[in-house]
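J.: Below is the structure, and that's it, no one-letter string:
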């Protein structure tokens, strides 16, 4: 049976169409991401702007056509940080219902964290893991094992919100970087070390960094899935990206459209988390495309 899931995030809107095998494994038919920046201006106004809602609805309408062409009738649609925070989120949810007939479920931070963990662990080889999911408007960190989640945290900071809250420039100065890391380390200070658990990394940044490293001209799940990154490699990518103009950065092979202006803030969040979870010299993580959208399909109805 084919199923589709739509993930409406603060920065991107993702669509996954799968066919589930008899063994329960999800085989992706289509896995797409498009930038809508639904949360643009949200930190300042507390509301979703008309322009941001219109951009997001246009993407959803395109996705609806793809879903229809695949003959899929089972569609799950959920939203995350931007829809949790916006005072007018119901306006957008009603527009989706009226125009597309989809009910948008707004996940709590804990629900988002647990679905991200389920998705990331579904293809992992590790018996225990810490799953990191850096989004546009929030960051989830989940500790668990094959039996399930042990501890989960959702932080109200993501690549878009960090950039907006600290007014980070397109090329981040050393002083701005230090200020951002100090802010993030204070936010993450209650997290305990990963110890022997694997670190799994999911979300838009987790797919973009391997794509940039491998200079992929097309999105290729097979080349992204299970890519391993060390702290040194992450620092090297940050230095390279931050040394470029926004225009040059946006033209790089592997750079997802609409992500060039928030990729460094996302990396700073990742670096702050790794510093808290383990000694930087030993930090290594495994990237996976399997985030909350996979987890929600794998979870009992």
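T.: Thanks, I have the structure now. Quick caveat: nothing in here was measured; it's all calculated off a predicted structure.
J.: which secondary structure elements does whichever strand or helix holds residue 68 contact?
T.: Following DSSP states H and E, the helix or strand that holds residue 68 is helix 50-69. Contacts defined by 3 or more CB pairs under 8 Å, 6 or more residues apart in numbering; DSSP states H and E place helix 50-69 against strand 2-8, strand 12-20, strand 26-35, helix 89-100. (Each C-beta comes from the backbone N, C-alpha and C, glycine too.)
J.: can you pull the pLDDT of the spatially most central residue of the chain?
T.: Centroid-nearest residue in the chain: residue 203, 2.8 Å away (criterion: CA atoms, centre = their mean). As predicted, residue 203 sits at a pLDDT of 94.
J.: again, but for the one 4 residues further on
T.: At residue 207 the predicted local confidence, pLDDT, stands at 95.
J.: Same check on the one 4 residues further on?
T.: Per-residue pLDDT puts residue 211 at 96.
J.: Excluding chain neighbours, give the residue nearest to it in space.
T.: The shortest distance from residue 211 to any non-neighbouring residue, by CB to CB, 6 or more residues apart in numbering, is to residue 254 (3.3 Å).
J.: What of residue 269?
T.: Residue 269 sits nearest to residue 134 (CB to CB, 6+ apart), 5.3 Å away.
J.: What distance do you get for that neighbour to residue 230?
T.: Distance, residue 134 to residue 230, using CB to CB, to the nearest Å: 17 Å.
J.: In terms of neighbours, single out the busier of these two.
T.: Per other CB atoms under 10 Å, whichever of residue 134 and residue 230 has more neighbours is residue 134, with 26 against 15.
J.: Could you verify my assumption that the more buried one touches residue 155?
T.: No. With contact defined as CB atoms under 8 Å, residue 134 does not count as touching residue 155 (9.7 Å).
J.: just the helices in the stretch 151-300 of the chain please.
T.: Assigned helices in the stretch 151-300 of the chain, in chain order: 159-165, 174-187, 204-213, 221-224, 231-242, 246-250, 263-277, 292-298 (criterion: DSSP state H, counting those that start in this stretch).
J.: between the ones you listed, which one is nearest to residue 196?
T.: The closest of those to residue 196 is helix 263-277. By CB to CB, the value is 11.8 Å.
J.: which stretches of this structure have low pLDDT?
T.: Counting by pLDDT under 70, the chain has low-confidence residues at 24, 279-281, 301.
J.: Give me the spatial nearest neighbour of residue 262, chain neighbours excluded.
T.: Residue nearest to residue 262 in three dimensions, not counting chain neighbours: residue 159, with 4.0 Å by CB to CB, 6+ apart.
J.: ok, that neighbour touching residue 206?
T.: No. With contact defined as CB under 8 Å, residue 159 does not count as touching residue 206 (11.6 Å).
J.: okay, and the common contacts of these two?
T.: residue 134 (CB atoms under 8 Å, 6 or more residues apart in numbering).
J.: Could you chop this protein up by domain?
T.: As given by automatic domain parsing, the domain ranges for the chain are 2-106, 116-293.
J.: Take these and write them to JSON lines, including distance to residue 300.
T.: Output for those, formatted as JSON lines (distance: least, CB to CB, whole Å):
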{"stretch": "domain 2-106", "distance to residue 300": "12"}
{"stretch": "domain 116-293", "distance to residue 300": "10"}
